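# how would this look folded up:
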Amino acid sequence: MDLCDVVQRAELHAEFARRFAEPGNGAGRPKLEARLAGAWSLTEMAMRTYSTSQPDVLIRAAVNGYRSYSSSVSSKLTGFLFYLFRELSPREQWNDVITLPSQTEWAARLLECVRAGLGDEEFGRLVVGVSEILAELAEDAQPAGVS
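This is a model prediction of the structure:
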């Protein structure tokens, strides 16, 4: 891990805490609720497991999978993991049995654990928020004059 990675990770943690933590008591930093801190830890592990250079791909897939799962009448029969696997697999596999590389499947299963622990609504808020944070940090990282 180089210095740039350390700085980016610190920025990600700081922005996550700013958006999701309970306000501090005036003297200290905002504090994450224990359940949310655990969910964040597992989400971050899933992002690193999936790809250290493109964690946003996993999170975008989670957002899209969550939206499909939430809007589907049959979602209770197939479950969130089906929709996430579908988002992470090539479109030509959608009518076949979906097979994913083991690290991709592992990352997806970690996110399923987060969803199960937080519940659907709070999980949706988490992955949409993390997706927005990653997009903003990527935008801030662009050199001046690049669009």
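
# next up, the contacts around residue 109.
Going by CB atoms under 8 Å, 6 or more residues apart in numbering, residue 109 touches residue 81. Every residue, glycine included, has its C-beta placed from N, CA and C.

# and for residue 113?
Residue 113 is in contact with residue 42, counting by CB under 8 Å, 6+ apart.

# in the helix or strand where residue 67 lies, what's buried?
Per DSSP states H and E, residue 67 falls inside helix 55-71. Buried residues in helix 55-71, counting neighbours by 16 or more other CB atoms under 10 Å, are found at 55-66, 68-69.

# excluding chain neighbours, give the residue nearest to residue 57 in space.
For residue 57, ignoring the flanking residues on the chain, the nearest one in space by CB to CB, 6 or more residues apart in numbering is residue 51 at 6.5 Å.

# again, but for residue 128
Spatially, and ignoring its direct neighbours in sequence, residue 128 is nearest to residue 63 (5.7 Å; CB to CB, 6+ apart).

# need the pLDDT of the one you found.
Here the pLDDT value assigned to residue 63 is 95.

# please apply the same query to residue 27.
Looking at residue 27, its pLDDT reads 61.

# most centrally placed residue in this protein?
Closest residue to the average C-alpha location of the chain: residue 59 at 3.7 Å, with CA atoms, centre = their mean.

# I'd say that one and residue 132 touch.
No: here residue 59 does not reach residue 132: they are 9.6 Å apart, not a contact under CB atoms under 8 Å.

# for residue 18, see how far away the closest residue to residue 23 other than its chain neighbours is.
Leaving aside its chain neighbours, residue 23 sits nearest to residue 30 (5.7 Å; criterion: CB to CB, 6+ apart). Going from residue 30 to residue 18 by CB to CB, to the nearest Å gives 7 Å.

# again with residue 68
29 Å.

# equivalent analysis for residue 117, please.
Here residue 117 is placed at a distance of 22 Å from residue 18 (CB to CB).

# repeat that for residue 99.
Per CB to CB, residue 99 is found 39 Å from residue 18.

# same deal with residue 72?
33 Å.

# next: residue 130.
As for residue 130, its distance to residue 18 is 13 Å (criterion: CB to CB).
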